[in-house]
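**Student:** here's a sequence, model it:
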Amino acid sequence: MDAARLKQSWSLVAAHGDQVPLYFYSTLFLAHPDTRQMFPTNMAGQRDRLVTALGHIVSNVDQVDRLVGFLTDLGADHRKFAVRAEHYPAVGEALLATLRHFLGEQWTEDLAQDWAAAYGLVSKVMIDAAQAAEAVNPPWWVAEIVGHERRGFDVAVLTLRPQYLLPFAPGQSIGVSHPAVRSWRYYSPANAPRADGTLELHVRAAPGGAVSSRLVYGCTVGDQIHLAAPVGDRLTLWSAGSADLLLLASGTGWAPVKALVEQVAAEGSRRTVDLYVGARSRSEFYDSDAIDKFASSFPWLTVTYVVGADLHRPGEFTHPVDRALADGDWRSRHVYVCGSDEMVSHSLSALARAGYHAGQLHHEGLGTHWYGPAWRTAMEQASAPDNSGGAR
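**Tutor:** Below you'll find the predicted structure:
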């Protein structure tokens, strides 16, 4: 298998842009119409993810160790879409047909063999991972909504009770889907594990978001939804050891931070924790009762509210990180950041300029993808070269 030849051919195909996934999915669904039910009704985002995934795999095809973890997570995760081993040949056929179509005369027998071999390795890792995961977790958990509180026009707090215990660590994310919507969205539970196994989700309805809109506007107590296995470790406390913490949250990014505060309380730690929680206006602090209760109950926790918009200073916006950096030097602490892409990006840039090093900064990653935090991490790594010329 010639890695250089694979990379060169993929660069030629990828240059055709949106036509590539359009041709691929048309070929797959026409030849195997039973596979259509595995994909969301709106395929716009899915087309982008296909190209990104293939680009990541091909760019690392000569670095097997770098790929195995990504493909293992992807294979196990695909069980929630009801993907089975017998579906992989159909995808392989559609992939080779797509490559042949766009490469035209440059599609040779040797290149076809290279691509078939590469896809064979990819599918084997993913199939083996899915089979191994079957012995550990179900493809998804069925959970009943036992609490549904609207905390604003577009925000709801849901309490869920899975039929079976769903183990997770604070800071991890869990896939959520409604049976009526063939799509998944990842949310971080807003609580540390509870004795009764219930989970608290903070959901903001995103424009055009099928899952989030259904959860906020179209669900009620007694409804059932599906939950996928927890993923991601970038927002967990594992890598922070016993260090003191600076927590920066905005919007529903408060949810995983709330879970971290509960974990610190549960472990009886002697950490010192400073929390800066932001919102655009005072009315958007949708969980202030819980925040105030934490502040009054935990002597090791200091809470600062940050109102982003100031009527007296139009055009200016204050992020939690801006207030935190103005208040003190936190470089002896581990910093956790969670909020919108814009908030996370701004925070990381500000912290880097202030001398904070990457090892003490914890965030889930930028962008919201179908495959969740593990996918985001892989995509970020694929786009950030290290000193050796490979992916970071």
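**Student:** tell me the domain boundaries of this protein?
**Tutor:** Taking automatic domain parsing as the reference, the chain has its domains at 3-134, 141-227, 238-363.
**Student:** so how far is the first residue of the shortest one from its last?
**Tutor:** Distance between the two ends of domain 141-227: 5 Å, counting by C-alpha to C-alpha, to the nearest Å.
**Student:** report the distance from that domain to the chain centre.
**Tutor:** Using C-alpha atoms, centre = their mean, to the nearest Å, the mean C-alpha position of domain 141-227 is found 15 Å from that of the whole chain.
**Student:** please apply the same query to the first one.
**Tutor:** In terms of C-alpha atoms, centre = their mean, the centre of domain 3-134 is set 20 Å apart from its chain centre.
**Student:** which SSE is the closest residue to Ser123 other than its chain neighbours in?
**Tutor:** Spatial nearest neighbour of Ser123, chain neighbours left out: Tyr88 (4.2 Å); criterion: C-beta to C-beta, 6 or more residues apart in numbering. For glycine as for every other residue, the C-beta is placed from the backbone atoms N, C-alpha and C. Element membership for Tyr88 (DSSP states H and E) is helix 88-103.
**Student:** who's in contact with the residue nearest to Ser123?
**Tutor:** Ser123, Met126, Ile127 (C-beta atoms under 8 Å, 6 or more residues apart in numbering).
**Student:** from those, pick the one nearest Ala3.
**Tutor:** For those, the residue nearest Ala3 by C-beta to C-beta is Ser123; the value is 17.8 Å.
**Student:** residue contacts, the closest one?
**Tutor:** Ser123 is in contact with Tyr88, Val91, Gly92, counting by C-beta under 8 Å, 6+ apart.
**Student:** could you redo these as TSV and give each row pLDDT and distance to Trp254?
**Tutor:** Shown next, in TSV, are the contacts of Ser123 (pLDDT from 0 to 100; distance: C-beta to C-beta, whole Å):
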residue	pLDDT	distance to Trp254
Tyr88	89	40
Val91	89	39
Gly92	91	43
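**Student:** am I right that Ile145 is in a strand?
**Tutor:** Yes: according to DSSP: H, G, I helix; E, B strand; the rest coil, Ile145 belongs to a strand.
**Student:** begin at 416 from here
**Tutor:** Yes, from this point I'll number from 416; that puts the last item at Ile560.
**Student:** what sits against it?
**Tutor:** Contact analysis of Ile560 by C-beta under 8 Å, 6+ apart lists Leu573, Thr574, Leu575, Cys634, Thr635, Val636, Gly637, Asp638, Gln639, Ile640.
**Student:** so how far is Arg609 from it?
**Tutor:** Between Ile560 and Arg609 the computed distance is 16 Å (C-beta to C-beta, to the nearest Å).
**Student:** Leu518 now?
**Tutor:** From Leu518 to Arg609 the distance is 54 Å (C-beta to C-beta).
**Student:** between the two, point out the one with more neighbours.
**Tutor:** Taking other C-beta atoms under 10 Å, Leu518 and Arg609 do not tie; Leu518 has more neighbours (17 against 11).
**Student:** what about the more buried one, distance to Leu510?
**Tutor:** Noted for Leu518: a distance of 12 Å to Leu510, by C-beta to C-beta.
**Student:** where does the protein have low pLDDT?
**Tutor:** Counting by pLDDT under 70, the ranges of the chain that qualify are 455-466, 726-730, 780-807.
**Student:** could you rerun that using 50?
**Tutor:** For the chain, the stretches flagged by pLDDT under 50 are 782-807.
**Student:** would you mind finding the longest helix in it?
**Tutor:** helix 524-549 (DSSP state H).
**Student:** got the angle for that one vs helix 503-518?
**Tutor:** 150 degrees (axes from the mean of the first three to the mean of the last three C-alpha atoms, to 10 degrees).
**Student:** what sits closest to Cys753 if chain neighbours are left out?
**Tutor:** Excluding the flanking residues, the one nearest Cys753 by C-beta to C-beta, 6+ apart is Gly668, at 3.7 Å.
**Student:** ok but Thr719 is inside a strand, no?
**Tutor:** Yes: with three-state DSSP as the criterion, Thr719 is assigned to a strand.
**Student:** contacting residues for the nearest residue to it once chain neighbours are set aside?
**Tutor:** Excluding the flanking residues, the one nearest Thr719 by C-beta to C-beta, 6+ apart is Tyr691, at 4.9 Å. Contacts for Tyr691 were tallied using C-beta under 8 Å, 6+ apart; they are Leu661, Leu662, Leu663, Ala664, Thr719, Val721, Pro735, Val736, Arg738, Ala739.
**Student:** the first one falls within a strand, correct?
**Tutor:** In this case it means Leu661. Yes: Leu661 forms part of a strand when assessed by three-state DSSP.
**Student:** next one: it from Arg768, what distance?
**Tutor:** Noted for Leu661: a distance of 16 Å to Arg768, by C-beta to C-beta.
**Student:** what about Pro714, how many residues nearby?
**Tutor:** Applying other C-beta under 10 Å, we find 8 residues neighbouring Pro714.
**Student:** for it, give me phi and psi.
**Tutor:** Dihedral angles phi and psi of Pro714 (degrees, to the nearest 10) take the values phi -70, psi -20.
**Student:** also Val688?
**Tutor:** Dihedral pair for Val688: phi -130, psi 130, per degrees, to the nearest 10.
**Student:** what is it paired to in the beta sheet?
**Tutor:** With DSSP bridges applied, Val688 shows beta-bridge pairing to Leu660, Leu716.
**Student:** count of neighbours near it?
**Tutor:** Neighbour count for Val688, taken as other C-beta under 10 Å: 21.
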